[in-house]
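Q: build me a structure from this.
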Amino acid sequence: MSFPQPPFSQIKARYLVLSTLLLGLAGSIAVVALNLTVLPQIDRDPLLVPVLYALIMGGLCGVGLWLGDRNRLSWPRLMGSWLTARGWRLQLLVIPTLLFSLGSFQVSFVALSWVMPDFVEQALQQDLFADTTDSAASWLYESLLTINVVLVAPITEEFIFRGLLLHRWGYKWTSTTAILASSILFGFLHTNVVGLTVFGIMMALLYCTTGSLWVPIVAHALNNLVVLLLSTVTSTESPDPASSLAEFQANWWMGLILMLVSAPVLIPFIWRHWPRGNELPYVTNRSRP
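A: Just a heads-up that it's a prediction; the model follows:
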């Protein structure tokens with residue numbers, strides 16, 4: 001008698017990585033094509049970016065769903081239950097995680113500014129909320145941006161990194177390797193490598209601790225919402241980028257303080273909740289259909 005193979009023995013991580021690259025390339029080609037043809041002013045049209053982002057992330061989710069259905073993945077086992085009282089209490093960890101991320105961004109980008117000052121200047125001058133002369137277009141852009149940052153990105157990234165990649169690499173190697181590999185990849189796909197790697201580790205441990213993928217999804221959404229609100233409050237485009245960079249470099253100590261304040265909360269949590277065995281949520285949720 002032959003038994004069906006476990007789902008994560010058949011789901012290949014390279015398909016997800018390749019899909020991400022291809023969808024990103026397709027988005028870039030779409031921008032160039034529209035710029036050369038029907039929308040010659042598209043590089044100044046802010047609506048294109050959030051629309052394409054949503055399409056790319058939706059396509060990536062579609063690939064993940066297709067791979068799961070093809071290999072008979074149990075979605076209730078992967079997702080787990082909705083947030084319990086403990087799951088809501090664990091959302092408080094968003095605060096130290098965000099503080100550490102902000103601090104590591106400050107420290108790492110100050111160090112990077114001595115090597116690549118132009119890159120750091122450009123990053124500091126970026127404004128999430130683009131200026132548009134049309135109030136209706138501005139409202140639509142801000143709405144689409146908020147949906148992408150608070151809903152689309154958390155759901156897609158947690159589904160792919162903590163849902164699929166974590167289990168695939170956990171099945172192939174060990175849970176420790178899977179947590180580290182998926183978190184490091186998550187960090188390298190963002191500009192704040194150190195901060196987002198730690199963020200990925202925290203999200204993975206929230207998932208492993210509760211067995212619910214909704215816990216890191218909600219935590220990720222809350223984190224992004226706070227970052228979005230902070231960007232609207234602190235967004236001031238300086239007429240002199242050089243002075244902004246000098247001020248940023250002079251305040252390197254603020255980033256170090258944020259890291260030192262948050263580390264005593266994050267390190268004990270990581271130590272206590274790091275998986276001692278090799279079982280991940282899909283296995284511990286085996287009682288689900």
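Q: so where's the protein uncertain?
A: For the chain, residues meeting the criterion pLDDT under 70 lie at 1-5, 31-46, 126-137, 234-243, 288-289.
Q: was I right to think residue 30 contacts residue 53?
A: No - with contacts counted by C-beta atoms under 8 Å, residue 30 stays clear of residue 53, the gap being 11.6 Å. From N, CA and C alone the C-beta is placed, and that goes for glycine too.
Q: residue ranges for the helices of the stretch 51-200 of the chain, please.
A: 75-79, 85-89, 94-113, 117-125, 135-147, 153-157, 166-172, 175-188, 193-210 (DSSP state H, counting those that start in this stretch).
Q: so which of these is nearest residue 219?
A: Nearest to residue 219, of all the helices of the stretch 51-200 of the chain, is helix 94-113, at 5.1 Å by C-beta to C-beta.
Q: how big is the angle separating the closest one from helix 117-125?
A: Counting by axes from the mean of the first three to the mean of the last three C-alpha atoms, to 10 degrees, helix 94-113 lies at 150 degrees to helix 117-125.
Q: which helices and strands does helix 94-113 pack with?
A: helix 117-125, helix 193-210, helix 214-234, helix 241-250, helix 252-273 (3 or more C-beta pairs under 8 Å, 6 or more residues apart in numbering; DSSP states H and E).
Q: mean neighbour count, the ones you listed: which tops it?
A: helix 193-210 (a mean of 24; mean count of other C-beta atoms under 10 Å).
Q: export it to CSV, keeping only CA atoms.
A: Provided in CSV are the C-alpha atoms of helix 193-210 (Å, rounded to 0.1, in the frame of the first residue of the first chain):
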residue,chain,number,x,y,z
VAL,A,193,18.3,43.8,7.0
VAL,A,194,19.2,43.4,10.7
GLY,A,195,15.9,44.8,12.0
LEU,A,196,13.7,42.8,9.6
THR,A,197,15.6,39.6,10.2
VAL,A,198,14.9,40.0,13.9
PHE,A,199,11.3,40.9,13.0
GLY,A,200,11.0,37.7,11.0
ILE,A,201,12.3,35.6,13.9
MET,A,202,9.7,37.2,16.2
MET,A,203,6.9,36.5,13.8
ALA,A,204,8.0,32.9,13.3
LEU,A,205,8.2,32.4,17.1
LEU,A,206,4.7,33.9,17.6
TYR,A,207,3.4,31.4,15.0
CYS,A,208,5.3,28.5,16.6
THR,A,209,4.2,29.5,20.1
THR,A,210,0.5,29.8,19.4
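Q: nearest residue to residue 154 other than its sequence neighbours?
A: Nearest residue to residue 154, sequence neighbours excluded (C-beta to C-beta, 6 or more residues apart in numbering): residue 220, at 3.7 Å.
Q: residues contacting that neighbour?
A: 153-154, 157-158, 203 (C-beta atoms under 8 Å, 6 or more residues apart in numbering).
Q: which of those residues has the most neighbours?
A: residue 203 (30 neighbours; other C-beta atoms under 10 Å).
Q: how far away is that one from residue 163?
A: 11 Å (C-beta to C-beta, to the nearest Å).
Q: circling back: to residue 256, which of the helices of the stretch 51-200 of the chain lies closest?
A: Nearest to residue 256, of all those, is helix 94-113, at 5.9 Å by C-beta to C-beta.
Q: next one: that closest one to chain centre, how far?
A: With C-alpha atoms, centre = their mean, to the nearest Å as the basis, helix 94-113 stands 15 Å off its chain's centre.
Q: likewise stretch 223-235?
A: The chain centroid and the centroid of stretch 223-235 are separated by 15 Å, computed with C-alpha atoms, centre = their mean.
Q: cool, stretch 113-129 as well?
A: Between the centre of stretch 113-129 and the centre of its host chain there is 20 Å, according to C-alpha atoms, centre = their mean.
Q: before we move on, what about stretch 273-283?
A: Distance, stretch centre to chain centre, for stretch 273-283: 22 Å (C-alpha atoms, centre = their mean).
Q: first-to-last residue distance for that stretch?
A: 17 Å (C-alpha to C-alpha, to the nearest Å).
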